[in-house]
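Engineer: Need coordinates for the following:
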Amino acid sequence: MREPIVLLPGFMCDARVFGPQVAALSVDTPVMVMPAIAGERVEEIASAIVSATPGKFALAGMGFGGIIAMEVLRRAPDRVTRIALMDTTPLSETPTDAAARETRIIAARTGRLREMMDEEIRRNGLAVSPYRNDVMALVQDMAHHLGGEVFVAQSRAIMRRKDQQSIMRRCKVPALVMCGAENAALPVKRHAFMAELIPHARLEVIEGAGYLPSLEQPEAVINVLRAWQKQPFVLQ
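Structural biologist: The predicted structure follows:
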């Protein structure tokens, strides 16, 4: 058996966002999916994940889950054997983005969660495909089951997150940076920048995908994660 993989879903997503990957990888790899629902600060959520994970594990996070993954790496660098960061950023929230997020928090608290999730999808962008509406429907269903309180908590955590560039520069494990080619909010050039921060990181761009490549192009993501599992350690 391979080293266990811990998967961290993105904003308002549950384990279903990694459904195809869990099905494929669990054939020969122990897989845990841990939604980020343990507090209103990245540090709280990461601490809960570190406490619940195996002794050593590979770590993959998408979007908000990628932000949490960076903090887990900071807290437990001796336990994370490799890291994959998908459609995410090491940068802190800008004042402009924080103000817009505050507006969405207020709306979600007044019963407009579905509307705010539609806005999130439009802002980040999904690639045009025959499955786009199915992906959008699943995103809404995941958000519905998590609920407005989780929307507020995760939004607060994103707003309060710290810059993680220094953590990326000190990363000493095999690293993958992956993004959808059509992610509107975090385009390829931002991921190229992040990959340049991390020693020996690999950048993989998933064509035909936006900010949820695990659902938009599941087979491509499975193949990239399989390659990442085999990525050799580099002597520092």
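
Engineer: Which residue would you name as the spatial centre of the protein?
Structural biologist: In the chain, the centroid-proximal residue (Cα atoms, centre = their mean) is M62; its distance is 1.4 Å.

Engineer: Please name the bridge partners of it.
Structural biologist: M62 has these beta-bridge partners by DSSP bridges: M86.

Engineer: surely it meets D87?
Structural biologist: Yes. Using Cβ atoms under 8 Å, M62 is in contact with D87, at 5.8 Å. Using the backbone N, CA and C atoms, a C-beta is placed for each residue, glycine as well.

Engineer: ok, and what's touching the helix or strand hosting S166?
Structural biologist: Using DSSP states H and E, S166 sits in helix 165-169. Helix 165-169 has contacts (Cβ atoms under 8 Å, 6 or more residues apart in numbering) with M70, E71, L73, R74, P90, L91, M194, L197, I198, P199.

Engineer: thought E120 was touching G63?
Structural biologist: No. Between E120 and G63 there is no contact under Cβ under 8 Å: 10.1 Å.

Engineer: which of those two has more neighbours?
Structural biologist: Just comparing E120 and G63: by other Cβ atoms under 10 Å the higher neighbour count belongs to G63, 27 against 19.

Engineer: related to what we said a few turns ago, what remains of the contacts of helix 165-169 if I keep only buried residues?
Structural biologist: Neighbour-count burial (16 or more other Cβ atoms under 10 Å) applied to the contacts of helix 165-169 gives M70, E71, L73, R74, P90, L91, M194, L197, I198.

Engineer: Could you double-check that the last one sits in contact with V177?
Structural biologist: Yes. Here I198 lies in contact with V177, judged by Cβ under 8 Å, at a distance of 7.0 Å.

Engineer: which residue ranges form the strands in the protein?
Structural biologist: In the chain, the strands defined using DSSP state E lie at 5-8, 31-33, 57-62, 80-86, 175-180, 202-206.

Engineer: in this protein, which helix or strand is least confident?
Structural biologist: Between all helices and strands in the chain, the lowest mean by mean pLDDT, DSSP states H and E belongs to helix 113-124, at a mean of 87.

Engineer: give me the low-pLDDT residue ranges for the chain?
Structural biologist: 1, 234-236 (pLDDT under 70).

Engineer: 80 instead, please
Structural biologist: Within the chain, the ranges that satisfy pLDDT under 80 run 1-2, 38, 123, 234-236.

Engineer: ok so, going back, quick one: which of the strands of the chain is nearest A143?
Structural biologist: Closest to A143 of the strands of the chain, according to Cβ to Cβ: strand 57-62, at 15.0 Å.

Engineer: angle of that closest one against strand 80-86?
Structural biologist: Angle of strand 57-62 versus strand 80-86, following axes from the mean of the first three to the mean of the last three Cα atoms, to 10 degrees, is 10 degrees.

Engineer: got the strands of the chain as a markdown table, with distance to A220 columns?
Structural biologist: Converted to a markdown table, these look like this (distance: least, Cβ to Cβ, whole Å):
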| stretch | distance to A220 |
| --- | --- |
| strand 5-8 | 16 |
| strand 31-33 | 18 |
| strand 57-62 | 14 |
| strand 80-86 | 12 |
| strand 175-180 | 9 |
| strand 202-206 | 5 |
